[in-house]
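A.B. asks: Okay, here's the prediction I keep looking at, along with the sequence it came from:
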Amino acid sequence: MTENTGRPTGDQGDIPAHFFQRADETPDEVFYRSPRFVTHIDPETIAALTDFYREFIPPHADVLDLMSSWISHFPEALTMGRVAGLGMNREELAANPQLTEYCIHNLNETPVLPYDAGSFSRVTLAVSIQYLTRPVDVMRSVYEVLQPEGALCIAMSHRLFPTKAIAAFQHLPAQERIRLAAYYLQQAGFTDTSFIDRSPQGADPLWLVIGKR
């Protein structure tokens, strides 16, 4: 974080720097050192996300799963091309059967993605946007690795690790968090953004922010 400027590290648009503060500012590698083979949303919400991915990911698409883990929620019957997972825990990524490759990478330390421009037609980011401290920088890099007419899906809900989630996602109401995610995309160069609510009744909400290149 920068001091006295009211802005976070990097160019995050007009977002106040305190939005990106976290209770635990120790290196993320410490927090993610041990694997967590758990799910972070209800089974019904996972099913709703998988259903959406059937619409969002075309057959044989090359896909990047950002902030990935041991499960990506992609439809099992969907034939995809390259499926790259970028995350923080090697054991979790190695256990993910849907990935064709994976990379250990701290986006808060280095927001530039380790992939060539135009590598992917789809990028997914499931229930993890709340942990990014330099989200606009990350979204700019996502824009670069997307192919022309490619798209990004940011899936959001209301659960989080309180010590590692940024202040904005802990204190802003849901609609403002959704607007904030859309603002990230607009600042990164996405001109075609949309919002979809796929929340199943009686389960965790599922809010989807889509950006198209």
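C.D. replies: Arrived safely. Numbering: from 1, shown residues only.
A.B. asks: where's Ala181, which helix or strand?
C.D. replies: Element membership for Ala181 (DSSP states H and E) is helix 174-188.
A.B. asks: next SSE after that helix?
C.D. replies: strand 192-197.
A.B. asks: can you list contacts of that next one?
C.D. replies: Identification of contacts with strand 192-197 by Cβ atoms under 8 Å, 6 or more residues apart in numbering yields 52, 178, 182, 185-186, 205-213. (C-beta placed from N, C-alpha, C; glycine too.)
A.B. asks: Mind listing residues that contact the longest strand seen in the chain?
C.D. replies: Across the chain, the strand with the greatest residue count (assigned by DSSP state E) is strand 146-156. The contact list for strand 146-156, computed with Cβ under 8 Å, 6+ apart, reads 49, 52-53, 56, 62, 118-127, 129-130, 139, 142, 177-178, 181, 185, 190, 206-213.
A.B. asks: Note down every partner strand of it and its orientation.
C.D. replies: Strand 146-156 has its sheet partners listed here by DSSP bridges as strand 120-126 (parallel), strand 207-212 (antiparallel).
A.B. asks: Find the centremost residue of the chain, please.
C.D. replies: Residue closest to the average C-alpha location in the chain (Cα atoms, centre = their mean): Leu125, at 2.8 Å.
A.B. asks: residues touching the residue nearest to that one when sequence neighbours are not counted, list them.
C.D. replies: Distances taken as Cβ to Cβ, 6 or more residues apart in numbering place Leu66 nearest to Leu125, at 4.4 Å, with adjacent residues excluded. Neighbouring residues of Leu66 by Cβ under 8 Å, 6+ apart: 86, 107, 123-125, 128, 138, 142.
A.B. asks: Export the residues you listed as JSON lines, with columns for distance to Ile71.
C.D. replies: Formatted as JSON lines, those follow (distance: Cβ to Cβ, whole Å):
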{"residue": "Leu86", "distance to Ile71": "15"}
{"residue": "Leu107", "distance to Ile71": "19"}
{"residue": "Val123", "distance to Ile71": "17"}
{"residue": "Thr124", "distance to Ile71": "12"}
{"residue": "Leu125", "distance to Ile71": "14"}
{"residue": "Ser128", "distance to Ile71": "13"}
{"residue": "Val138", "distance to Ile71": "21"}
{"residue": "Val142", "distance to Ile71": "21"}
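A.B. asks: Okay, now the unreliable bits of the chain?
C.D. replies: Within the chain, the ranges that satisfy pLDDT under 70 run 1-10.
A.B. asks: The residue nearest to the centre of the chain touches Leu64, doesn't it?
C.D. replies: No - at 9.1 Å, Leu125 and Leu64 do not qualify as touching, with contact defined as Cβ atoms under 8 Å.
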